[in-house]
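S.K.: for reference, the sequence and a predicted model appear below.
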Amino acid sequence: MRSTRKSGRRHRRGGHLHRRGATVVALMGLLTLWATPTTSADPGTGFSIPFSGAPDYEHLAPTQVTEPSQLHAPLGQQRADDIARQIGLSPEDALSEQQARDLTSGGGVGGSREAADIINACVDILTNTTGRPLYSDIVGESVPSTLASYGLYVNPDGLLQSPANADAPTRQVNTLIAPGGYVGNWLRDNGATRTLIALYRSAYTVQAVYGFAAQQISGSAQLVTNTKDGVESEVGMSMAPPLWIVNFALIYVVDPALAAAMPAYWAPIPPEVVEAVKASPTGQVPYADYASYLE
């Protein structure tokens, strides 16, 4: 992954991250969350706590598709910048072009190529919108797929799964972005402390608590039930408001142009696919067997 921003951005230093304070806030939020009944924070969205996330930010997450052209459509830069502003971020909080390049190539002080590969895979999966297909080995052929609005993706081996599946880079990255983990250390060591402070002061912190809770109770399938106007449907965990906003914030501070490629709408997964994914002990099914339902 390469940064798409123009050069000339100033290199920022300084600032001090109060990690202890952030940890206390997160723990308090977690205690409050588990004491809250599993009811919808905003009946209009159809998602219930913890899958709805913090009520103040639920309206910023993707809404359900209402017409075919919205399926897998990206946000666009204007909408991405507006969402960022409302969750407490701005383009100035993002990494410089050089910092973004170093983070995503394994460069810089303490850089890791292995960690960079996971980060890049996450961005590719979460921006799998129109014009940004993923390619997988399907019976010996390289086959493109675009499934972001469903909250699903096809891994390189041709298996269809939720991005929150235990096997997915988008789940494995949790250890890298945890407090005291690789990403935080890298940002501090490479002059990006201001970016880290901005991220932790944004809605990212409270939404991460809801997202963590949602992942812990969703089993292998990692799908979310939406109930609206008496109709139940399922979507992948990455499209639940708190997870979507957490991922949006993380991608935005790397490169706002990449965050603009995230899905603007979510779509119900066809029932045949839901049934298969839930029946699988790993939450994975061969894409070749279910592609016709998703095309």
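M.R.: Received it, and whenever you're ready, just let me know what you need. Numbering: from 1, shown residues only.
S.K.: leaving out chain neighbours, which residue sits closest to Asp56?
M.R.: Spatial nearest neighbour of Asp56, excluding adjacent residues (C-beta to C-beta, 6 or more residues apart in numbering): Ala203 at 7.7 Å. C-beta coordinates here come from the backbone N, C-alpha and C atoms, glycine included.
S.K.: is it correct that the one you found is in contact with Ala249?
M.R.: Yes: judged on C-beta atoms under 8 Å, Ala203 makes contact with Ala249 at a distance of 6.9 Å.
S.K.: what's the first helix or strand after the lowest-mean-pLDDT helix or strand in the chain?
M.R.: Using mean pLDDT, DSSP states H and E, helix 19-34 stands out as the lowest-scoring helix or strand of the chain, at a mean of 36. The helix or strand immediately downstream of helix 19-34 is strand 63-64, counting by DSSP states H and E.
S.K.: that next one: what's the following helix or strand?
M.R.: Counting by DSSP H and E, the next helix or strand C-terminal to strand 63-64 is helix 77-86.
S.K.: can you list contacts of that next one?
M.R.: 57, 60, 75, 90-91, 248-249, 252, 256-257, 259-260, 262, 264 (C-beta atoms under 8 Å, 6 or more residues apart in numbering).
S.K.: nearest to Ser136, of those?
M.R.: Comparing these against Ser136 with C-beta to C-beta picks out Met262 as the nearest, at 20.3 Å.
S.K.: I'd guessed Ile245 sits against Thr205; true?
M.R.: No: Ile245 is beyond contact range of Thr205, at 10.9 Å (criterion: C-beta under 8 Å).
S.K.: just want to know which of these two has more residues nearby.
M.R.: Higher neighbour count among Ile245 and Thr205: Ile245, with 28 against 20, using other C-beta atoms under 10 Å.
S.K.: for the more buried one, give me its contacts.
M.R.: 53, 57, 60-61, 87, 203-204, 207.
S.K.: that one and Gly230, how far apart?
M.R.: Ile245 is 27 Å from Gly230, where distance means C-beta to C-beta, to the nearest Å.
S.K.: where exactly do the helices run in the stretch 101-250 of the chain?
M.R.: For the stretch 101-250 of the chain, applying DSSP state H, counting those that start in this stretch gives helices covering 113-126, 169-172, 174-177, 182-189, 193-201, 204-216, 241-254.
S.K.: just the buried residues of the second one, please?
M.R.: In other words, helix 169-172. Within helix 169-172, the residues scored as buried using 16 or more other C-beta atoms under 10 Å are 169-171.
S.K.: going by distance to Met239, which of those wins?
M.R.: Among the buried residues of helix 169-172, Thr170 lies closest to Met239 (C-beta to C-beta), at 12.2 Å.
S.K.: doesn't Asn120 make contact with the closest one?
M.R.: No: if you go by C-beta under 8 Å, Thr170 and Asn120 don't touch, sitting 11.4 Å apart.
S.K.: residues in contact with the residue sitting nearest the centre point of the chain?
M.R.: In the chain, the centroid-proximal residue (C-alpha atoms, centre = their mean) is Asn247; its distance is 3.0 Å. Residues near Asn247 by C-beta under 8 Å, 6+ apart: 122, 126, 170, 238, 262.
S.K.: and the pLDDT for the residue of the chain most remote from its centre?
M.R.: If you look at how far each residue of the chain sits from its centre, by C-alpha atoms, centre = their mean, the farthest one is Gly140, at 29.5 Å. pLDDT for Gly140: 92.
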